[in-house]
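Student: based on what follows, work out the 3D shape:
(one chain, ligands or ions: 2)
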Amino acid sequence: MYPDSHSSSGATANWLLSRIDTPPVVGIVCGSGLGGLADTLKDPVAFHYQDIPNFPQSTVQGHAGRLVFGTLKGKPCVCMQGRFHLYEGYPIQKITLPMRIFKLMGVETVILTNAAGGLNQDYKVGDIMIVKDHINMPGFAGNNPLVGPNDERFGTRFPCMLDAYDRKLQQLAQDLGAELGFSDFIREGVYCVLGGPSFETIAECRMLHRLGADAVGMSTAHEAIVARHCGMRVFALSLITNQAVMDYHSEERPSHEEVLETGRQRAEQLERLVSTMVGRMEINNNINV
Ligand SMILES: O=P(O)(O)O[C@H]1O[C@H](CO)[C@@H](O)[C@H]1O
Ligand code: HPA
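Tutor: Ligands and ions are numbered 1, 2, ... in the order given. Below is the predicted model:
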């Protein structure tokens with residue numbers, strides 16, 4: 001009934017570790033249309049999801065379905081070129097399984113990226129939002145990735161989420177964003193996850209905005225919850241790929257094509273921000289990085 005267990009993620013972690021030279025300390029998840037990040041890794045070793053035991057398959061356009069190991073600014077990283085979403089039909093524990101595999105391979109810091117609709121009226125398409133918090137809408141209905149027996153080897157039954165997104169990394173992103181000349185399009189806000197795959201109605205966008213969400217998407221929060229549960233540091237970025245429509249007179253219509261197109265236009269800056277961050281991050285373990 002609950003597809004994840006220490007043994008399935010452990011078997012996959014061991015399978016992967018036996019095929020790479022250096023265990024990763026940073027894990028990166030590429031959002032829709034943002035998979036180019038994985039191509040920036042040096043000395044890459046890539047695995048197709050279909051070849052990795054227990055791994056789900058990517059079914060969404062813009063998610064290549066490869067796990068890429070390599071170094072970014074000298075630090076060993078693993079990059080998911082394609083993530084899993086609730087609407088693909090996988091149980092929520094399965095779509096977050098890679099977080100536990102990351103943990104078991106030695107990852108300390110997870111960087112999540114996503115494409116999202118902008119609810120905040122000050123946001124423009126192409127803005128990069130540093131996620132400071134999330135609203136887990138499916139969780140309100142009991143669809144939380146930690147539902148089911150708790151495996152104490154990963155973490156506690158009732159994990160705190162007040163510090164889900166690491167504040168020091170948020171500050172580092174702000175500082176580096178300024179250094180790179182990105183301040184005009186760097187924002188900070190609250191990400192709200194919905195189940196999808198239908199985009200939101202106007203009434204839903206208005207409601208989410210009033211609830212305090214700045215951006216809306218269909219991913220990330222579940223990964224953040226599982227990553228925090230097992231003690232990894234989490235940092236997340238949303239690329240605002242489209243404006244959430246809140247006006248019944250608007251002719252705008254969101255589409256996945258627009259999402260991917262904005263990704264293409266902003267990919268280079270987003271990649272630079274992420275790689276600069278990885279370069280400046282402090283790593284706590286004993287690996288020589
Ligand atoms: O969150 P990522 O994976 O970036 O993808 C976003 O883009 C898709 C919609 O265009 C949805 O899957 C939404 O969640
Ligand atoms: O407008 C959106 N809504 C939900 N998910 C999204 N992912 C990109 N844009 C959007």
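Student: quick one, phi/psi of the residue of the chain found nearest ligand 1?
Tutor: Here the residue of the chain nearest ligand 1 is Gly31; by CB to the nearest ligand atom that distance is 2.8 Å. Using the backbone N, CA and C atoms, a C-beta is placed for each residue, glycine as well. Dihedral angles phi and psi of Gly31 (degrees, to the nearest 10) take the values phi -80, psi -180.
Student: got the contact list for Arg266?
Tutor: 126, 128, 239 (CB atoms under 8 Å, 6 or more residues apart in numbering).
Student: my guess is it is in a helix, correct?
Tutor: Yes: under DSSP: H, G, I helix; E, B strand; the rest coil, Arg266 falls within a helix.
Student: tell me the SS of the residue lying farthest from the centre of the chain?
Tutor: Most distant from the centre of the chain: His249, at 33.1 Å, with distances by CA atoms, centre = their mean. Secondary structure state of His249, per three-state DSSP, is coil.
Student: go on, Phe47?
Tutor: Following three-state DSSP, Phe47 is assigned to strand.
Student: what packs against the helix or strand encompassing Val110?
Tutor: If you go by DSSP states H and E, Val110 is part of strand 109-118. Where contact means 3 or more CB pairs under 8 Å, 6 or more residues apart in numbering; DSSP states H and E, strand 109-118 is packed against strand 26-29, strand 128-136, strand 215-217, helix 221-229, strand 233-243, helix 256-280.
Student: tell me which parts of the protein are close to ligand 2?
Tutor: The chain has residues 115-117, 199-200, 216-218, 241-242, 244, 254, 259 near ligand 2, with proximity defined as CB under 6 Å from any ligand atom.
Student: flag the shaky bits of the stretch 151-289 of the chain, pLDDT-wise.
Tutor: Filtered on pLDDT under 70, the stretch 151-289 of the chain yields the residue ranges 285-289.
Student: list the contacts of whichever residue of the stretch 1-150 of the chain sits closest to ligand 2.
Tutor: Using CB to the nearest ligand atom, Gly117 is the residue of the stretch 1-150 of the chain that sits closest to ligand 2, at 2.2 Å. Listed by CB under 8 Å, 6+ apart, the contact partners of Gly117 are 199-200, 205, 215-217, 240-244, 254.
Student: and the helices and strands packed on strand 109-118 as a markdown table, adding distance to ligand 1?
Tutor: A markdown table is the format used below for the helices and strands packed on strand 109-118 (distance: least, CB to the nearest ligand atom, whole Å):
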| stretch | distance to ligand 1 |
| --- | --- |
| strand 26-29 | 8 |
| strand 128-136 | 11 |
| strand 215-217 | 4 |
| helix 221-229 | 10 |
| strand 233-243 | 7 |
| helix 256-280 | 4 |
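Student: any chance of those in TSV, with distance to Ala173 too?
Tutor: Listed next are these as TSV, based on distance: least, CB to CB, whole Å:
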stretch	distance to Ala173
strand 26-29	14
strand 128-136	5
strand 215-217	15
helix 221-229	15
strand 233-243	7
helix 256-280	6
